[in-house]
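>>> Structure, please.
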Amino acid sequence: MNQKELKEFLDEKVIQYNNQDFIESDPVQIPHLFSQKEDVEIAGFLSASIAWGNRKMIIRNSHKMMELMGNAPYDFVMSHSEDNLADLETFVHRTFNGKDFGSFIKGLQHIYKNHNGLEAVFAKNQEKDSLQKSISEFKKIFFEIDHLARTQKHISDPLNNSAAKRINMYLRWMVRQDAKGVDLGIWKSISPAVLSCPLDVHSGNVARKLGILSRKQNDAKALAELDKKLREMDAQDPVKYDFALFGLGVFEGF
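You can find the predicted model right below:
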């Protein structure tokens, strides 16, 4: 395929997958449970943070997270007690355990009490064509609280050459306004043009087969290469192609 044919093909796949049918099999359904801004962004952050492995297990455990917080995530973050955090210790998703969950609650409270919330932190350090510095700075601020060293591995740092798939997916949910009812688009201080594709094994393999990614590792360098290609196809909404790449890989075995 030439560039024009490739864009037309991917645009068709975006239309095929960027619709409400996508929600029922994706963890984006978790923030859709809520209407208050802070509930939406906290629910999204926590569910995105455990979004690796079996998708049904991710969704099931994300629902369990919400239940452990009384289905009121912002209220729980802001007014929890030590006893409440002890109740979280039964939680486990792969290597993310109840202690990690408790540290995440403390980190979120720190963000809201001292840094004006999640949107403000990510918006503060954005660059003209990237949020990767924002993610790195967010991680520093998030872990200013007392925490176990092991918990830091659950937030990736792009400046350490990570593709930061889960947090880039979360940013897509919060920033991108797709008018299709999938991405929530509740953050207005960040442009969708600066978002990066949530690069994982599925989207990476499809991108390589399509000739828009040559680097073999799914790391920050590969993400920069892929972002450049996607911005050439749509400078204002490059990460809409995540739906095409992910859909082709997961649902079609491309």
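>>> what sits against residue 109?
By Cβ atoms under 8 Å, 6 or more residues apart in numbering, the residues touching residue 109 are 77, 78, 80, 145. To be clear about C-beta, it is placed using only N, CA and C from the backbone, and glycine gets the same treatment.
>>> Now, of these, which are buried?
By neighbour count, with 16 or more other Cβ atoms under 10 Å, those hold 77, 80, 145 as buried.
>>> could those residues go into a markdown table alongside secondary structure and distance to residue 122?
Output for these, formatted as a markdown table (DSSP: H, G, I helix; E, B strand; the rest coil; distance: Cβ to Cβ, whole Å):
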| residue | secondary structure | distance to residue 122 |
| --- | --- | --- |
| 77 | helix | 17 |
| 80 | coil | 23 |
| 145 | coil | 18 |
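>>> Hmm, residue 182 and residue 28 touching each other?
Yes - using Cβ atoms under 8 Å, residue 28 is in contact with residue 182, at 6.1 Å.
>>> Looking at the buried ones among the contacts of residue 109, spot the one nearest residue 91.
Residue 91 has its nearest neighbour among the buried ones among the contacts of residue 109 in residue 80, at 13.9 Å by Cβ to Cβ.
>>> quick one: that closest one from residue 120, how far?
From residue 80 across to residue 120, the span is 21 Å (Cβ to Cβ, to the nearest Å).
>>> now do residue 138
Counting by Cβ to Cβ, the gap from residue 138 to residue 120 is 10 Å.
>>> The two - which one has more neighbours?
residue 138 (23 against 13; other Cβ atoms under 10 Å).
>>> and the closest residue to residue 167 other than its chain neighbours, what are its phi and psi?
Nearest non-adjacent residue to residue 167, counting by Cβ to Cβ, 6 or more residues apart in numbering: residue 135, 5.4 Å away. The phi/psi pair for residue 135 (degrees, to the nearest 10) reads phi -60, psi -40.
>>> just residue 92 next, same as before
With angles defined as degrees, to the nearest 10, residue 92 sits at phi -150, psi 130.
>>> For it, give me its contacts.
residue 98.
>>> same thing with the one 10 residues further on?
Residue 102 makes contact with 85, 88, 89 under the criterion Cβ under 8 Å, 6+ apart.
>>> quick one: which of these sit in helices?
The helices, defined by DSSP state H, take in residue 85 from these.
>>> Do I have it right that residue 183 meets residue 171?
No - proximity of residue 183 to residue 171 does not meet the contact threshold set by Cβ under 8 Å, at 9.9 Å.
>>> before we move on, the earlier item: for the buried ones among the contacts of residue 109, which one is nearest residue 57?
The shortest approach to residue 57 among the buried ones among the contacts of residue 109 belongs to residue 77, at 23.9 Å (Cβ to Cβ).
>>> Sounds good, over and out.
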